[in-house]
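*Asks:* Fold the following, please.
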Amino acid sequence: METAKGTVVSVNTSSEKGVPKVPQDKISLLEEHGVEGDAHASSTWHRQVSLLSMASIERMREQGVKVAPGDLAENITIEGIDVHNLPIGTRLRVGRDVLLEISQIGKECHTGCAIQKRTGKCIMPTEGVFARVIAGGTARAGDTVTLA
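*Replies:* Sure, this is the predicted structure:
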């Protein structure tokens with residue numbers, strides 16, 4: 001059974017697409033846009049924020065792949081909720097203010113992905129989750145994540 005409460009492990013951004021994201025102290029999420037300053041932020045599509053469970057990273061580590069939060073290009077790494085098992089349309093409250101709505105699970109990896117070249121494998125096609133920003137605000141490591 002899916003737990004109803006998790007914790008943000010890391011918040012990450014990058015100015016380019018297809019590369020690992022760099023952990024930040026905090027990120028600003030803009031309503032119907034995404035993470036301020038991140039290459040994937042856009043008001044014209046539904047993949048405004050990327051999410052990944054810490055459990056997914058741990059599974060890669062168990063296979064001998066050296067990865068850390070942000071290395072798989074996720075904006076928010078979450079522990080305690082296996083986000084790829086949640087249905088599209090599920091809403092997540094991050095901290096006090098941020099409200100996300102899951103819009104896509106998995107994605108087609110593009111050829112020559114820098115992440116796959118570096119790690120040898122990318123789990124984003126099956127375990128990466130994308131969301132729209134319903135209500136903006138600030139997110140940081142340690143924030144509580146709950147099903148809304």
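
*Asks:* Now for residue 21: which residues touch it?
*Replies:* 12-14, 38, 70-71, 73-75 (Cβ atoms under 8 Å, 6 or more residues apart in numbering). For every residue, glycine as well, the C-beta is placed using N, CA and C.

*Asks:* What is the end-to-end distance of stretch 40-54?
*Replies:* Chord length of stretch 40-54, first to last residue, is 21 Å (Cα to Cα, to the nearest Å).

*Asks:* How far does that stretch sit from its chain's centre?
*Replies:* Here the centre of stretch 40-54 is set off from its chain's centre by 7 Å, with Cα atoms, centre = their mean, to the nearest Å.

*Asks:* And for stretch 4-17?
*Replies:* Distance, centroid of stretch 4-17 to centroid of chain: 5 Å (Cα atoms, centre = their mean).

*Asks:* Helix or strand for residue 99, just tell me which one.
*Replies:* Following DSSP states H and E, one finds residue 99 within strand 98-105.

*Asks:* Partner strands of that strand, with direction?
*Replies:* If you go by DSSP bridges, strand 98-105 pairs up with strand 91-94 (antiparallel), strand 129-135 (antiparallel).

*Asks:* Turn the ones you listed into JSON lines, including mean neighbour count and mean pLDDT.
*Replies:* As requested, these are exported to JSON lines (neighbours: other Cβ atoms under 10 Å; pLDDT from 0 to 100):
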{"stretch": "strand 91-94", "mean neighbour count": "22", "mean pLDDT": "98"}
{"stretch": "strand 129-135", "mean neighbour count": "23", "mean pLDDT": "96"}
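
*Asks:* wait, what's in contact with residue 35?
*Replies:* If you count contacts by Cβ under 8 Å, 6+ apart, residue 35 has them with 13, 27-29, 41, 48-49, 75.

*Asks:* could you dump the residues you listed to a markdown table with pLDDT, distance to residue 90 and neighbour count?
*Replies:* Rendered in a markdown table, the data for the contacts of residue 35 read as follows (pLDDT from 0 to 100; distance: Cβ to Cβ, whole Å; neighbours: other Cβ atoms under 10 Å):
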| residue | pLDDT | distance to residue 90 | neighbour count |
| --- | --- | --- | --- |
| 13 | 97 | 23 | 20 |
| 27 | 98 | 21 | 25 |
| 28 | 98 | 23 | 18 |
| 29 | 98 | 17 | 29 |
| 41 | 92 | 21 | 19 |
| 48 | 95 | 15 | 26 |
| 49 | 96 | 14 | 28 |
| 75 | 97 | 17 | 28 |
